[in-house]
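Undergrad: Model the structure of this input:
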Amino acid sequence: MPSAGKAVIGLSLFLSSFPGLAPLRAQPVNAETQRVLRIIEKIEKEGSPGPGAASRKEVVSETELNAYIAYRIAFEKEEIMKELRLKLLPRNRVEGKIFIDLSSKRIPGFLKPQMNVYFAGTIETEGPKVRVHMESLFLEEQRIQTALLDMIISVVSQFEKMEPVSIEDWYDLPYGIRKLETRTGELVVSY
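TA: Reported below is the predicted structural model:
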């Protein structure tokens, strides 16, 4: 998934699959990140329960999720998304700030090389898919429509020779995760 798409979806850093936890664990991690890595490992090991079985749940705090996201950005050496901070609210609502740095890329003159994107939306889970339905979106202090950010993602994708994405695309839930819910300061993962 292109970095710009990850930036907007945000939670995909928590959700995106990666080859094994051993390389990640080889890196030094703080206690919050370590807890999220243990939860991912547990979900992977336990797998998805059979049809009709009761789902199991794990809770990740907002602090733990943000620590894990920062760790993944550093570990993956993200070239575009340099920061992502999320605020988890009741009823699957989420707010976030993303710092995008395009200064090392060839970009059209109408794009600023460094931008902050602020968003608010609702996490939607449908079957094995998840997305963030955007309710408000700001580029710096200017309210924008999702179409403008989709255009920026498309332009960057063309320069990077990547497949463009939309900020409201659906993404696969990995590890047998069935559903995501938010409460104040918490992400509830059902698997």
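Undergrad: Check the offset of stretch 30-44 from the chain's centre.
TA: Offset of stretch 30-44 from its chain centre (Cα atoms, centre = their mean, to the nearest Å): 16 Å.
Undergrad: and that stretch, what's its mean pLDDT?
TA: Averaging pLDDT along stretch 30-44 yields 91.
Undergrad: Extract the C-alpha set from that stretch and format it as PDB.
TA: Extracted C-alpha coordinates of stretch 30-44, given in PDB (Å, rounded to 0.1, in the frame of the first residue of the first chain):
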ATOM      1  CA  ASN A  30       9.400   0.700  24.500                       C
ATOM      2  CA  ALA A  31       6.800  -1.000  26.800                       C
ATOM      3  CA  GLU A  32       3.800   0.300  24.900                       C
ATOM      4  CA  THR A  33       5.100  -1.000  21.500                       C
ATOM      5  CA  GLN A  34       6.100  -4.300  23.100                       C
ATOM      6  CA  ARG A  35       2.600  -4.800  24.400                       C
ATOM      7  CA  VAL A  36       1.100  -4.300  20.900                       C
ATOM      8  CA  LEU A  37       3.600  -6.700  19.400                       C
ATOM      9  CA  ARG A  38       2.600  -9.300  22.000                       C
ATOM     10  CA  ILE A  39      -1.100  -8.800  21.200                       C
ATOM     11  CA  ILE A  40      -0.400  -9.200  17.400                       C
ATOM     12  CA  GLU A  41       1.600 -12.300  18.100                       C
ATOM     13  CA  LYS A  42      -1.200 -13.700  20.300                       C
ATOM     14  CA  ILE A  43      -3.800 -13.100  17.700                       C
ATOM     15  CA  GLU A  44      -1.600 -14.700  15.000                       C
END
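Undergrad: ok but Leu37 is inside a helix, no?
TA: Yes: Leu37: assigned to a helix according to DSSP: H, G, I helix; E, B strand; the rest coil.
Undergrad: That one and Ile43 touch, don't they?
TA: No: applying Cβ atoms under 8 Å, one finds Leu37 not in contact with Ile43, separated by 10.9 Å. Yep, even glycine has a C-beta here, placed from its N, CA and C like the rest.
Undergrad: just how off-centre is the helix or strand hosting Glu135 within its chain?
TA: Assigned by DSSP states H and E, Glu135 belongs to strand 129-139. Put simply, strand 129-139 sits 11 Å off its chain's centre (Cα atoms, centre = their mean).
Undergrad: Determine the set of other helices and strands touching that strand.
TA: The contact analysis (3 or more Cβ pairs under 8 Å, 6 or more residues apart in numbering; DSSP states H and E) places strand 129-139 against helix 3-9, strand 114-126, helix 146-160, strand 171-172.
Undergrad: So which of those is nearest Lys179?
TA: Minimum separation from Lys179 across these (Cβ to Cβ) falls at strand 114-126, 4.7 Å.
Undergrad: which helices and strands does the closest one pack with?
TA: Other helices and strands packing on strand 114-126, by 3+ Cβ pairs under 8 Å, 6+ apart, are helix 3-9, strand 93-101, strand 129-139, strand 179-183.
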